[in-house]
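K.L.:
how would this look folded up:
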Amino acid sequence: MDNEDLNCTVVITTFFSGNKLEKCLENIPENFTKLIIDNGGETDKKKYFENKFVNLKYYVSEENLGVPRSYSLANKIVNTRFMFNTQPDVTIKKNCIENLLKSIKKYPKFAILSPTIFHNGKYFVEGDYKVLKISDKKFQNSYKPSLNNIYSKPPEGDLAVEAVTGTAMLIDRDKIKEIKDWDTRIFNYFEDMDLCLRLRFKGYEIIKIRDAEVDHDPFASHASNFEEKMNFSRNWHYSWSSFYFLKKHTNLFTAFVHAIKILFGSSLKFLIYFMFNKKKSTTHFAKAYGMLFSILNINPNYRPKIKK
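P.N.:
Purely as a prediction, here's the structure:
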């Protein structure tokens, strides 16, 4: 392996992931250092994983830190320059991380290198592309993915983009220091776009690498027996983070127009579905609830209560 390979730690955040974590780890070459941040407090898993996989450290958090705080913690623990951040429901394809590391010399101004992401075998154009218009730096590629259909043909080569999803990304930790770390006020959602935008405003590049691939099984990173609670949590935090992100990166008018649509729209749908569709009713309640907290500038303290 090259020196760059040995200078990279694979970081995986997990929260009651069932057998997904083990399957994810099986696709990572042994030579790479691996760090697991367990937000579910599953202390019994620590010994099992550290015995089964070489070069692996299993950190059990006493609380559910959320995504940004988990990566911020990992950033303090690892001693390699590069971090490859991913999650348990991701299958890392052969030579993915190696090809990302080989691209480092090709793009000296990079801060984040992202693999090409597929969703269950279909190429995925991240919804993040829809938010490109908020940046004051123009999109620098002629390649324009279809926004009407998130599934499109993958690009022929590498792409310089304004933002990528946090599903899987190789990060230069030296560049992260310049923007003072992840925004740890966010619990989940939009932390990846926030990170990308702040790095780009510093003059660094976000690059998608074509010959590095991962396959993502969306919303499968948790065990299925508490999917209802996780669905509530996802909608609550997505709603909270969307207003916070827009308020931070656009202006109050844009943020409040968005907030009013979600708050009143979801409240109305909650009442409509309340009598005959519990799942949809709960989803819209979560969206309205999370948005109200964000408007009132209350920290995103909601956590799903999971019995071990």
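
K.L.:
Now stretch 233-249 - C-alpha only, PDB.
P.N.:
Coordinates of the C-alpha atoms in stretch 233-249 are reproduced here as PDB (Å, rounded to 0.1, in the frame of the first residue of the first chain):
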ATOM      1  CA  SER A 233     -36.700  11.000  14.400                       C
ATOM      2  CA  ARG A 234     -35.600  11.400  10.800                       C
ATOM      3  CA  ASN A 235     -38.500  13.700  10.000                       C
ATOM      4  CA  TRP A 236     -38.200  15.700  13.200                       C
ATOM      5  CA  HIS A 237     -34.500  16.400  12.600                       C
ATOM      6  CA  TYR A 238     -34.700  16.900   8.900                       C
ATOM      7  CA  SER A 239     -37.300  19.600   9.500                       C
ATOM      8  CA  TRP A 240     -35.300  21.200  12.300                       C
ATOM      9  CA  SER A 241     -32.000  21.200  10.300                       C
ATOM     10  CA  SER A 242     -33.600  22.500   7.100                       C
ATOM     11  CA  PHE A 243     -34.600  25.800   8.700                       C
ATOM     12  CA  TYR A 244     -31.400  26.100  10.600                       C
ATOM     13  CA  PHE A 245     -29.400  25.500   7.400                       C
ATOM     14  CA  LEU A 246     -31.300  28.000   5.400                       C
ATOM     15  CA  LYS A 247     -31.200  30.600   8.100                       C
ATOM     16  CA  LYS A 248     -27.400  30.100   8.300                       C
ATOM     17  CA  HIS A 249     -26.600  30.100   4.600                       C
END
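
K.L.:
Could I get the buried residue list for that stretch?
P.N.:
Across stretch 233-249, burial judged by 16 or more other Cβ atoms under 10 Å covers 233-247, 249. Where you see a C-beta, it was placed from the backbone N, CA and C, and this is true even at glycine.

K.L.:
tally of neighbours for residue 287?
P.N.:
Using other Cβ atoms under 10 Å, residue 287 is surrounded by 24 other residues.

K.L.:
Residue 227 too?
P.N.:
13.

K.L.:
what does residue 180 give?
P.N.:
8.

K.L.:
wait, what's in contact with it?
P.N.:
Contacts for residue 180 (Cβ atoms under 8 Å, 6 or more residues apart in numbering) come out as none.

K.L.:
Report the secondary structure element holding it.
P.N.:
Using DSSP states H and E, residue 180 maps to neither a helix nor a strand.

K.L.:
repeat for residue 12
P.N.:
Counting by DSSP H and E, residue 12 is part of strand 8-14.

K.L.:
What average pLDDT does that strand get?
P.N.:
For strand 8-14, mean pLDDT is 97.

K.L.:
Which ones among the buried residues of stretch 233-249 map onto helices?
P.N.:
Members of those lying in helices (criterion: DSSP state H): 233-247, 249.

K.L.:
Need the single longest strand in this protein, by residues.
P.N.:
strand 205-216 (DSSP state E).

K.L.:
Just the buried positions in the helix or strand that contains residue 265, please.
P.N.:
Take DSSP H and E as the rule and residue 265 turns out to sit in helix 252-273. Within helix 252-273, the residues that count as buried by 16+ other Cβ under 10 Å are 255, 258, 259, 262, 263, 266, 267, 269, 270, 273.

K.L.:
same deal with stretch 157-167?
P.N.:
158, 159, 160, 161, 162, 163, 164, 165, 166, 167.

K.L.:
and what of stretch 49-59?
P.N.:
Buried residues in stretch 49-59 (16+ other Cβ under 10 Å): 49, 53, 56, 57, 58.

K.L.:
between the strand or helix carrying residue 46 and strand 8-14, how many degrees?
P.N.:
According to DSSP H and E, residue 46 maps onto helix 43-52. Here helix 43-52 runs at an angle of 150 degrees relative to strand 8-14 (axes from the mean of the first three to the mean of the last three Cα atoms, to 10 degrees).

K.L.:
what does helix 43-52 contact?
P.N.:
So helix 43-52 is in contact with 21, 22, 25, 36, 38, 56, 57, 58, 60, going by Cβ under 8 Å, 6+ apart.
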